[in-house]
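**Student:** any chance you can model this:
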Amino acid sequence: MRLERINYNKIKIFLTFDDLEDRGLTKEDLWKDSLKVHQLFRDMIDEASDELNFEVNGSLAVEVYALQAQGMVVIVTCTEEELSEEEFTDEYIEMQVTVDESTELFYEFHSFDHLIDLAKRLEILNVNSGTIYSHRQVFYLLLEEEVSASVNVDTLIALLSEYGFPSTITTHRVQEYGKIIMEKNAINQLNTYFK
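**Tutor:** Take a look at the predicted model:
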């Protein structure tokens, strides 16, 4: 589990599916209102409180974005409404949960050479698409949805994970603040220019 403070009342938590499995949960469990899910959120808030000095002074708005076969990003916003002593106890956290699922594959690479090596492996699987971005000296590869229909997703994710890491920042942020290195058919372009 990775934690990041976005601002004074908002944090971002990245959970891999291994993190969930270690806690005895599956992705489907997050759709349910169960004791295990409440305990997971309580543990996340406790850890954020310790690591980031994130204080809960009201209700929480929780947005969960499931990333295809990578994990999930949880955005937690603490509202500023004041609760009385009777309403706010350690046993009670009011949450409004929004769940969304993303089918995009978005990975980060700390070396352009890793992207070149990956492209050679993906060429064998007939994966030629993708867009490459650069942001803060990190490279990002976004693979479009149509890739998953023609290729075994587990194999594709295994290869991506061998050379890079699932991105914990959103594509929207990289698209807005980053720079496009190769747009459309990036894997094909890498294999053309770096044989």
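
**Student:** please make it C-alpha for all contacts and neighbour counts, starting now.
**Tutor:** OK.

**Student:** okay, domains of the protein per the record?
**Tutor:** Following the assignment in automatic domain parsing, the chain carries domains at 2-102, 105-193.

**Student:** and those domains, which one averages the lowest pLDDT?
**Tutor:** When mean pLDDT is averaged over each of the domains of the chain, domain 2-102 scores lowest at a mean of 72.

**Student:** sorry, back to before: in TSV: the domains of the chain, plus mean neighbour count.
**Tutor:** Listed next are the domains of the chain as TSV, based on neighbours: other C-alpha atoms under 10 Å:
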stretch	mean neighbour count
domain 2-102	15
domain 105-193	17
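
**Student:** so residue 75 sits in a helix?
**Tutor:** No - secondary structure assignment places residue 75 outside any helix; it is strand (DSSP: H, G, I helix; E, B strand; the rest coil).

**Student:** output stretch 56-75 as CSV, restricted to C-alpha atoms.
**Tutor:** Extracted as CSV, the C-alpha positions of stretch 56-75 are listed here (Å, rounded to 0.1, in the frame of the first residue of the first chain):
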residue,chain,number,x,y,z
VAL,A,56,-10.2,12.9,10.2
ASN,A,57,-12.5,15.7,11.6
GLY,A,58,-15.8,14.8,9.9
SER,A,59,-17.2,12.4,7.3
LEU,A,60,-15.1,10.9,4.6
ALA,A,61,-15.8,10.8,0.8
VAL,A,62,-14.1,7.8,-0.6
GLU,A,63,-13.6,7.3,-4.4
VAL,A,64,-12.3,3.8,-5.5
TYR,A,65,-10.9,3.4,-9.0
ALA,A,66,-10.2,-0.2,-9.9
LEU,A,67,-7.3,-0.5,-12.4
GLN,A,68,-7.4,-3.5,-14.6
ALA,A,69,-5.3,-6.3,-13.0
GLN,A,70,-3.1,-3.8,-11.3
GLY,A,71,-4.9,-2.8,-8.2
MET,A,72,-6.9,0.2,-7.2
VAL,A,73,-6.5,3.9,-6.4
VAL,A,74,-8.5,5.1,-3.4
ILE,A,75,-9.0,8.9,-3.0
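
**Student:** distance from the chain centre to that stretch, please.
**Tutor:** Distance of stretch 56-75 from the chain centroid (C-alpha atoms, centre = their mean, to the nearest Å) equals 9 Å.
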